[in-house]
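**Student:** Starting from these lines, generate the structure:
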Amino acid sequence: MFLTFNRKWMVFITLMVGLLLPHLATAENGNEFSTAHLEAAEHLVYAMGMYESLTIPTRKVLQQMRTSDPATADLMAAVVEPFIDKEYIGHEFREFMASQFDMETCRQLSEHWEGPIGRRFVDTQVQLLTTGKARPLKFTQTEEAIAKRFEKTPAFLAFARAMPAIEARLAAFGKEIEVKMAARMKEELVRRKEN
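**Tutor:** Okay, the predicted model is just below:
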């Protein structure tokens, strides 16, 4: 069978598109990470206290609303609860965290945040968000030595480099949630009118 130049070119393009399409889809959707890497990244989200940081203020407002305006509090709870669910937040941030840290770094950072020094930071943050007060952080000489050693590790350096991106992602997440909650509020109001 004789193929003209145009037909050869079209066959070539078709073959190339067929071969590249899976790779283009991957590039379009971002990096692909192993399940273990995503799990390690999600674990890091929880270890760092990101879930608590994102949900405690909202839960406090809902609690205050329940005493002053229960009907509005019920409406707001119906709107925001899906977005302050632990699993939802973990899933929303895990691919981002995986893009910032390899699996071993996620593991090392989680270990640090779950250790005595990191846990104290997280617990202090939770206490501050919950009560508005927290005791000053004080560390023993041994804990300070551990912290100084950790600050020299590749995991800590990766964390320090990633902090601006993490902060930016948290801010973007807040804006995304605002849009999603506004849409959910409209849906919830329509649903309540129909009932």
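
**Student:** Just give me the neighbour total for Glu81.
**Tutor:** By the measure other Cβ atoms under 10 Å, the count of residues near Glu81 is 15. (C-beta placed from N, C-alpha, C; glycine too.)

**Student:** For it, grab phi and psi.
**Tutor:** Reported as degrees, to the nearest 10, the phi and psi values for Glu81 are phi -50, psi -40.

**Student:** do the same with Thr105
**Tutor:** phi -70, psi -40.

**Student:** Return the residues in contact with it.
**Tutor:** Residues near Thr105 by Cβ atoms under 8 Å, 6 or more residues apart in numbering: Pro154, Ala155, Ala158, Phe159.

**Student:** Tell me the secondary structure at the third one.
**Tutor:** Reducing the assignment at Ala158 to three states with DSSP: H, G, I helix; E, B strand; the rest coil gives helix.

**Student:** now it: how far from Lys138?
**Tutor:** Applying Cβ to Cβ, to the nearest Å, the value for Ala158 to Lys138 is 27 Å.

**Student:** Mind telling me what element the residue nearest in space to the middle of the chain is part of?
**Tutor:** The chain has Phe93 as the residue nearest its centroid, 2.1 Å off, counting by Cα atoms, centre = their mean. Assigned by DSSP states H and E, Phe93 belongs to helix 86-100.

**Student:** For stretch 96-113, output the C-alpha coordinates as PDB.
**Tutor:** As requested, the backbone C-alpha atoms of stretch 96-113 are provided in PDB (Å, rounded to 0.1, in the frame of the first residue of the first chain):
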ATOM      1  CA  PHE A  96       0.400  18.700  47.700                       C
ATOM      2  CA  MET A  97       2.600  17.400  50.500                       C
ATOM      3  CA  ALA A  98       3.800  14.500  48.400                       C
ATOM      4  CA  SER A  99       4.800  17.000  45.800                       C
ATOM      5  CA  GLN A 100       6.900  18.900  48.400                       C
ATOM      6  CA  PHE A 101       8.600  15.900  50.100                       C
ATOM      7  CA  ASP A 102       9.600  12.400  49.100                       C
ATOM      8  CA  MET A 103       8.200   9.500  51.000                       C
ATOM      9  CA  GLU A 104      11.200   9.200  53.400                       C
ATOM     10  CA  THR A 105      11.100  12.900  54.200                       C
ATOM     11  CA  CYS A 106       7.400  12.700  54.900                       C
ATOM     12  CA  ARG A 107       8.100   9.800  57.300                       C
ATOM     13  CA  GLN A 108      11.000  11.700  59.000                       C
ATOM     14  CA  LEU A 109       8.900  14.900  59.400                       C
ATOM     15  CA  SER A 110       6.000  12.900  60.800                       C
ATOM     16  CA  GLU A 111       8.300  11.300  63.200                       C
ATOM     17  CA  HIS A 112       9.500  14.700  64.300                       C
ATOM     18  CA  TRP A 113       6.100  16.200  64.700                       C
END
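
**Student:** So which bits of it are buried?
**Tutor:** By neighbour count on 16 or more other Cβ atoms under 10 Å, the buried set for stretch 96-113 is 96-98, 100-103, 105-110, 112-113.

**Student:** No further queries at this time; thank you.
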